[in-house]
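Participant: any chance you can model this:
(chains A and B)
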Amino acid sequence: MKNFKFVGNFKYSLIISCVLMAAGLAGLVLLPFGITLFNFNIDFLGGTILQYEMRAVMDKPQLDEIAALAESAAGVSATVQRSGDTGILIKTVDIDTDRRQAITNTLKENYGITDADLLVADNVTPTVGADLRNAAILSVVLASALILLYIAIRFEFKSGLAAVLALVHDVLVMLSFYVIFQIPVDTNIIAAMLTILGYSINSSVVVFDRVRENRKYMPKSDFADVVDISSRQTFLRNLNTTLTTLMPLTMIIIIGVPSIRDFAAPLAVGLIAGCFSSLFLSAPMWTFFRGGKKERI
Amino acid sequence: MKKSVLLFIAVLVAVGLLALVAVNGVDLLAFEIPSYKDGIVLGLDLSGGSSITYEAQIPEGMSQSEVDRGMIAAEAMLRARLTSFGYTEAMLSRAGGNRIRVEIPKITNPEEAVKMLGSTARLEFRDPDGNVIIYGSDVTKAEVNVGPVDEYGPSVPYVSMELSADAREVFRLATMEAAGRPDGDNYIAIYLDEELQSAPTVEARHAAAGIDPVDGVMITVAGNREEARRLASLISIGQMPFDLRQVELRSVGAVLGERALETSLMAGAIGLVLVLVFMLVFYRLPGLVANLALISYTVLMVLLLSILRVNLSLPGIAGIILSIGMAVDANVIIFERIKDEIRLGKTIRAAISSGYRRALTAIIDSNITTIISAVVLLALGTGPIKGFAITLLIGVLLSMFTVLVISRFLLDCMVNMKVTNSRMYGV
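Facilitator: Numbers count the residues shown, from 1 in each chain, chains lettered A, B, ... in the order given. This next block holds a predicted model:
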C-alpha cells in the first residue's frame, strides 16, 4: 500500500463498486414496478410463519408431506423449508388463529411434537405490514436527512456529497447481499441500514479530517497527492477498526441462532463495504468533484 | 512516579469493584444497583413468550369518544382475562389509536391465548341461584364517582351504573328478590366469562320495592378508588361496542429463546477475547490500555443496562456486540495518531497529547452520526428494534467516555511511570 494511487485508480474502484451495487440497486429500482428481487419476510407484506423443532432431520419427501398436511389443515398453500438442523419453517399467507392451531395440531398428530416444540409463531396482517413498511421508510428517510444535514454543516459541500455517496454505496452493497443470498427482509433491515449509515461515515470522516489537516502542511501539492497520502496514513486505522468490529459480528454469524445471523451477516457486509468505500471511493470522489488533479489548493 | 503507579492501580481496582457490583448488585440506603440478573429484563425473544396485538374492529361512523371508551373497556377486559388465566407477568399497552398489545412471557400455547383473550366478552349479572338477570350489553354507562352514598354517610368512591330502559324493570325485580332472601345470599353476582368478578350486596331496605335504576345504580366497593375503577371498567366491558381481532402475533418458544441468549453471550465473549488479543498484539502498550478501557466499557455497559432496567432483545445484544467493536474504533484512531506523532520525532508525552487533540474532531463527528441513527430508530422503531437502538446509543456514549477519559488517564499514568520507550507504543 506504500505507493498505491487511490485517486489514480479511482476508475477501477468505481467499476468494482458498481458491480457490487448492481443487485441491490436493481432490487430497489424494480420495486415500484411490482418486481421483487428481495426475499420479503412477513413483516412488510403480512403472512404467517410457524417454526417447529421436529427432533429429527427432515428429508425432502417429509417436507413435502408436511406441506400437504399444512395445506389441508389450513386450507391455504404453504411452503415448508428446513431451519437449522432439525427444525422446519412453514410459511403461509395471513391466516387466523384457528387455522394456525390446525397446522400445529396436525403436526402433533402426525409427528408427535408438543406445544414446546413450537419455536416461533409469527403472524402479521397486511394492515400491520403496511404500517411497519411506512415506519421503516420514514425512519430511513429521516435518519438520512439528519445525517446529511449534519455533514452539510460540518463539511464543505463537495466533501459532504462524496461522503454521502459513499454511504449510499455501502447501503446498496448491503442490499445486494440481501438480494443475492435471499436473506429474509424483516424489520431488522431498518436497524441494519441505519447502523451502516451512522457507522460507515466514521471512516470517511477520518480520511477527510486527515486531508484537511495535510493540506495545511502541503500547500504546494496537488490535491490528489494530498488525498493519496492521507488515505495511506489512515489505511491501517480503517482496516483495523473494521477488523475489530467484524470479530464479534463474525462470532454471531458462526454460532448465533438463525434470526440474529440474518441480521449480523448483512451488517458485516455493510461494514466491509464501508471500509472499502472510505479508502477507495469517498476521498477520490471528493477529488473528482473538486475538478480532478489539475487544480492547485 | 509513585503517585502515578498508585493511580493506575486505583483505576484497575475501581473497575474490578464495579464488575463485582454488576454481578452481585449493591444496596446502598438511597441508591440500589440491581445485579445484572435482576436488573436486565430479557425481551420475549430471549425469555420465550408471545406478543399479541389486537385491533378493534370499529364500525363505521363511530365517534372518537365512543372509540376511546370502548378501548378502555377492551383493556379492562384483557386485563381481567390475563389475571384469571394466571398470566400475572403479562404487560398491556396501547399501540396506536385502536390497537392493544399484550405481552405474555413464558407461554407455551400462544394460539390458545390469542383465542381466549380476544373472544367476545360475556358479562352477566346473575342472581344468587345463578340465573342471568341482565347482560353486559344492557349497561349503558359505568363510571367511578366519589360522594356520600346515603344521607349522612362519609364520602367514598363508588361505581355508578346506568341501564337501558328495557333492563330496568327486570333489574328492579331481581334486586327486590335478592334483598329479601332469607338465606343471607343478598347479593347480585357479576360474571365475566363464567368467572365471578364481584358480588355487591343488596341492602335489606330495598326488599320492599327493589332498586329502581331509573336514575342509575350505586355500587359501593369495599376498598379504595382503584378497586372502584377496576369494577367500573369491568362492567363497561359489556358495552364494548366492537370486536377485537388479532392483527399481529410474535411468539418465541422458551427453548429457542434460551438458545438465542446462550449463543449470543458466547459469541460476545469470544468476540471480546479476539478483540483484546488483537489489540494487544498490534498496539502493544497502548493496546493494553485500550483493553483496560474496553473491559471497563463492558463493565459499565452491564451496570447501565441493569440500572436503567433495559429490556434486552436479541437485536439489542447484537447492538452491544457491535458496539464492542466500535468502542475500540476511537482507541485505534488515537493510537494510529500517536504513532504518527512519535514518528515525527515528538516525545511520547507530547505525542499522546497532540494525538488526542487531533483525533478528537474525527471521533466526535463519527459518533454523532451514529447517535443520529440510534435516536431515529428509538423514536420510530418498534419492539426489538427499540432495544437495538437503546444499546447502540448507550454503547456509543460509553465508548466515547472510556476512550476520552479512561484510556487517556491510563496513558498519562504510563508516561508518568516513565514508560517511554517508543517501541512499546508500536512504532
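Participant: so for whatever helix or strand residue B:46 lives in, mean pLDDT?
Facilitator: Using DSSP states H and E, residue B:46 sits in helix B:44-47. In this model, helix B:44-47 has an average pLDDT of 87.
Participant: what of stretch B:283-301?
Facilitator: So the average pLDDT for stretch B:283-301 ends up being 89.
Participant: quick check: the nearest residue to residue B:419 once chain neighbours are set aside vs chain A, distance?
Facilitator: Once flanking residues are discounted, residue B:419 sits nearest to residue B:285: 6.6 Å by Cβ to Cβ, 6 or more residues apart in numbering or on different chains. Every residue, glycine included, has its C-beta placed from N, CA and C. Counting by Cβ to the nearest Cβ, to the nearest Å, the separation of residue B:285 from chain A is 16 Å.
Participant: which residues touch residue B:285?
Facilitator: B:414, B:419, B:424, B:425, B:426 (Cβ atoms under 8 Å, 6 or more residues apart in numbering or on different chains).
Participant: so it, which state does it fall into?
Facilitator: Assigned with DSSP: H, G, I helix; E, B strand; the rest coil, residue B:285 falls in the helix class.
Participant: now swap in residue B:277 and tell me
Facilitator: Assignment for residue B:277 (three-state DSSP): helix.
Participant: then residue A:35?
Facilitator: Going by three-state DSSP: residue A:35 is coil.
Participant: since we're on it, how many residues are nearby?
Facilitator: 10 (other Cβ atoms under 10 Å in any protein chain shown).
Participant: repeat that for the one 3 residues further on.
Facilitator: Close neighbours of residue A:38, defined as other Cβ under 10 Å, add up to 19.
Participant: kindly indicate which of the contacts of residue B:285 lies nearest residue A:286.
Facilitator: Distance to residue A:286 across the contacts of residue B:285 (Cβ to Cβ) is lowest for residue B:426, with 29.6 Å.
Participant: show me where the stretch 1-150 of chain A has its strands.
Facilitator: A:39-40, A:47-53, A:79-83, A:87-92, A:118-124 (DSSP state E, counting those that start in this stretch).
Participant: quick one: which of those strands is nearest chain B?
Facilitator: When those are compared by Cβ to the nearest Cβ, strand A:118-124 sits nearest chain B, at 3.9 Å.
Participant: so which bits of that closest one are buried?
Facilitator: Across strand A:118-124, burial judged by 16 or more other Cβ atoms under 10 Å in any protein chain shown covers A:118, A:119, A:120, A:121, A:122, A:123, A:124.
Participant: is that strand up against chain B anywhere?
Facilitator: Yes. Strand A:118-124 is in contact with chain B by Cβ under 8 Å from any Cβ of the partner chain, via A:118, A:119, A:120, A:121, A:122, A:123, A:124.
Participant: my read: residue A:286 touches residue A:156, true?
Facilitator: No. In this structure residue A:286 lies outside contact range of residue A:156 using Cβ atoms under 8 Å: 9.3 Å.
Participant: those two: who's more crowded?
Facilitator: residue A:286 (26 against 13).
Participant: list the contacts for the more buried one?
Facilitator: Applying Cβ under 8 Å, 6+ apart, the residues near residue A:286 are A:158, A:159, A:162, A:208, A:211, A:227.
Participant: how far away is it from residue A:223?
Facilitator: 9 Å (Cβ to Cβ, to the nearest Å).
Participant: then residue B:242?
Facilitator: Distance from residue B:242 to residue A:223, by Cβ to Cβ: 67 Å.
Participant: do the same with residue A:242
Facilitator: 26 Å.
Participant: what's the closest non-adjacent residue to the residue nearest the centre of chain B?
Facilitator: Centroid-nearest residue in chain B: residue B:311, 5.6 Å away (criterion: Cα atoms, centre = their mean). For residue B:311, ignoring the flanking residues on the chain, the nearest one in space by Cβ to Cβ, 6+ apart is residue B:41 at 4.8 Å.
Participant: touching, that neighbour and residue B:309? I think so.
Facilitator: Yes. Counting by Cβ under 8 Å, residue B:41 does reach residue B:309; the two are 5.8 Å apart.
Participant: when the two are compared, which one has more neighbours?
Facilitator: Higher neighbour count among residue B:41 and residue B:309: residue B:41, with 16 against 12, using other Cβ under 10 Å.
Participant: dump the residue contacts of the more buried one.
Facilitator: B:309, B:310, B:311, B:312.
Participant: any figure for the gap between the closest residue to residue A:70 other than its chain neighbours and chain B?
Facilitator: Nearest non-adjacent residue to residue A:70, counting by Cβ to Cβ, 6+ apart: residue A:78, 4.1 Å away. Residue A:78 is 16 Å from chain B, where distance means Cβ to the nearest Cβ.
Participant: mind checking pLDDT for residue A:146?
Facilitator: At residue A:146, pLDDT is 91.
Participant: please name the nearest non-neighbouring residue to it.
Facilitator: residue B:372 (4.8 Å).
Participant: now the one you found: how far from residue B:193?
Facilitator: Between residue B:372 and residue B:193 the distance is 49 Å, computed by Cβ to Cβ.
Participant: same question, residue B:27
Facilitator: Taking Cβ to Cβ, one finds residue B:27 at 43 Å from residue B:193.
Participant: these two: who's more crowded?
Facilitator: residue B:193 (17 against 9).
Participant: for the more buried one, phi and psi?
Facilitator: phi 50, psi 50 (degrees, to the nearest 10).
Participant: that one: what's it in contact with?
Facilitator: Residue B:193 neighbours (Cβ under 8 Å, 6+ apart): B:81, B:84, B:119, B:121, B:122.
Participant: anything in stretch B:318-325 sitting right up against chain A?
Facilitator: Yes. For stretch B:318-325, a contact with chain A is found by Cβ under 8 Å from any Cβ, at B:318, B:321, B:322, B:324, B:325.
Participant: before we move on, the earlier item: could you pick out the buried ones from the contacts of residue B:193?
Facilitator: B:81, B:121, B:122.
Participant: which of the residues you listed lies at the shortest distance from chain A?
Facilitator: residue B:81 (15.1 Å).
Participant: sec struct for the closest one, please.
Facilitator: helix.
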